[in-house]
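Participant: missing the sequence, but the structure's below:
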């Protein structure tokens, strides 16, 4: 497969607006890590106990600014200020860049939302539990059951997180789960994880992120991203399944 360099990654040879020089590596990394740092501060503050009213207000403020949406907004504003405004780029250009960046995101948000809705359809209808019970009655290894359930959820819903959490919730309800050793339980969890990261396709936001930002067509995305993820998942599970016999 031949995949050309995406148009948005090609550097124009002519001199562009804002000639103060490119941003430093440290500045770029700081802005990228800013929302992660705020979320970590929020999580840490939520677990702390304040001794006074002033300290409690400070902890509440830390929890507030670390909410994911607010943390991302703060990071975007910081990026606009330090990477654009301070480099002499006009707000009209900034607006144009931000508007253009929303184009590939629209489909991703739509697909992610649809996957979230489908997750609750499977959950409230009991379909996930029904699948788990059917596989359990087939006298298969619980590691294989976890992998199959997780893979089916991944293909059907598209979300790795949803597939993993639903699978582990179903497997945890099996009566024999309490008899396994910690190492074998770890193998079950990893099996569900491998299934939840397999065969990303059109109902997965990661599939569209790869397709849109790499500038490739749908067929190429299937041949590369989908097949690659599926192959890695199957190969990883085979190795894990062989290792699991040690702790069976």
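Facilitator: Thanks, I have the structure now. Quantities reported herein were computed from a predicted structural model and do not represent experimental measurements. Numbers count the residues shown, from 1 in each chain.

Participant: which is the next helix or strand following the helix or strand bottoming out on mean pLDDT in the chain?
Facilitator: Least confident helix or strand, the chain: helix 127-136 with a mean of 65, by mean pLDDT, DSSP states H and E. Next helix or strand after helix 127-136 toward the C-terminus (DSSP states H and E): helix 142-157.

Participant: which one is residue 243 nearest to, not counting chain neighbours?
Facilitator: Distance criterion C-beta to C-beta, 6 or more residues apart in numbering; nearest residue to residue 243, sequence neighbours excluded, is residue 187 at 7.0 Å. The C-beta positions use only the backbone N, C-alpha and C, and glycine is treated the same way.

Participant: output the contacting helices and strands for the helix or strand hosting that neighbour.
Facilitator: Counting by DSSP H and E, the element that carries residue 187 is helix 182-196. For helix 182-196, the packing partners by 3 or more C-beta pairs under 8 Å, 6 or more residues apart in numbering; DSSP states H and E come out as helix 142-157, helix 160-172, helix 227-244.

Participant: from those helices, which stretch is densest packed?
Facilitator: Across the helices and strands packed on helix 182-196, the average number of neighbours (mean count of other C-beta atoms under 10 Å) peaks for helix 142-157, which reaches a mean of 24.

Participant: now do that one against helix 182-196, angle only.
Facilitator: 30 degrees (axes from the mean of the first three to the mean of the last three C-alpha atoms, to 10 degrees).

Participant: and helix 142-157, how far out from the chain's middle?
Facilitator: 18 Å (C-alpha atoms, centre = their mean, to the nearest Å).

Participant: residues touching the closest residue in space to residue 83 that isn't next to it in sequence, list them.
Facilitator: Sequence neighbours aside, residue 23 is the residue nearest to residue 83 in space, at 5.5 Å (criterion: C-beta to C-beta, 6+ apart). Counting by C-beta atoms under 8 Å, 6 or more residues apart in numbering, residue 23 makes contact with 82, 83, 87.
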